[in-house]
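Visitor: based on what follows, work out the 3D shape:
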Amino acid sequence: ATNVSGQQTMANQTYSIDLDAPIVNIESPVDGAEFDIGSLVDIRAYYSDAKSGISNIVLKVDGSVISDSMMTMTMSSLWYTKEFEMGHHNIELVVTDHVMNTTTVTWSFVVTDANVDLVINDISLANNPIDFDAGEMLEFKFDISKTADINITLYDFAGKEVMKMSGSSRGVITCDGRTGKGIKLARGVYFARVAVSDGRSYLERIIKIAVK
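Guide: Purely as a prediction, here's the structure:
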């Protein structure tokens, strides 16, 4: 800048650019926690942003946004308590700062009934026999008495392990015919060992699969 005497002055200014997303810490429930039906589930989280500060917090449970009026929320923490129905539940927390840096955290928990025995009512298989060359997907669907973890191990006709898959009894487990190394399954007969566990009980089923 130039003053009335014709002298020039220079001003040095330093600007700080906030490129860091908010820090989010989940206190409860721990990922994969299991609760008995009728229990109150506490969802608690802490968050911070040292540079620009927190601008927006969105909590979703099973895809539905929880309104601010239903939570105890501050600029550094939130607390939401509810009695959930039996089954698998997903939580998503999105925290955004004032310059739109965002942190998203997802985790889940399960509500079970300890008085309900683990029973495999049915395991259905879509596209069996299956033609992977035609783009078909192998789909395992489950009818099980309660929420359980599923682990599937696929063996060839000689009994050699060729593939592993995992998921929940509340979902669908799919296979595109390629192993973890990207190798496509050859034509032939395979056997899937389906292991079902709720943390207390363990059951197995063997299913025959034909690849065309």
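
Visitor: and stretch 130-150, end to end?
Guide: End-to-end distance for stretch 130-150, by C-alpha to C-alpha, to the nearest Å: 21 Å.

Visitor: thought residue 138 was touching residue 172, still the case?
Guide: No. When contacts are counted by C-beta atoms under 8 Å, residue 172 is not listed as touching residue 138 (10.5 Å). From N, CA and C alone the C-beta is placed, and that goes for glycine too.

Visitor: quick one: which of the two has more around it?
Guide: Taking neighbours as other C-beta atoms under 10 Å, residue 172 and residue 138 compare with residue 138 leading, 22 against 13.

Visitor: which secondary structure element of this structure has the lowest mean pLDDT?
Guide: strand 33-36 (a mean of 88; mean pLDDT, DSSP states H and E).

Visitor: helices or strands next to that strand in the packing?
Guide: Judged by 3 or more C-beta pairs under 8 Å, 6 or more residues apart in numbering; DSSP states H and E, strand 33-36 is in contact with strand 102-112.

Visitor: from the contact counts, what lies against the strand it packs on?
Guide: By 3+ C-beta pairs under 8 Å, 6+ apart, strand 102-112 packs against strand 23-28, strand 33-36, strand 40-48, strand 87-97.

Visitor: quick one: mean pLDDT for whichever helix or strand comes after that strand?
Guide: Proceeding N to C from strand 102-112, the next assigned helix or strand is strand 120-126, under DSSP states H and E. Strand 120-126 carries an average pLDDT of 92.

Visitor: stretch 59-75 too?
Guide: Per-residue scores along stretch 59-75 average to 94.

Visitor: what is the end-to-end distance of it?
Guide: Using C-alpha to C-alpha, first and last residues of stretch 59-75 are 14 Å apart.

Visitor: which residue sits closest to residue 116, ignoring its sequence neighbours?
Guide: residue 146 (5.1 Å; C-beta to C-beta, 6 or more residues apart in numbering).
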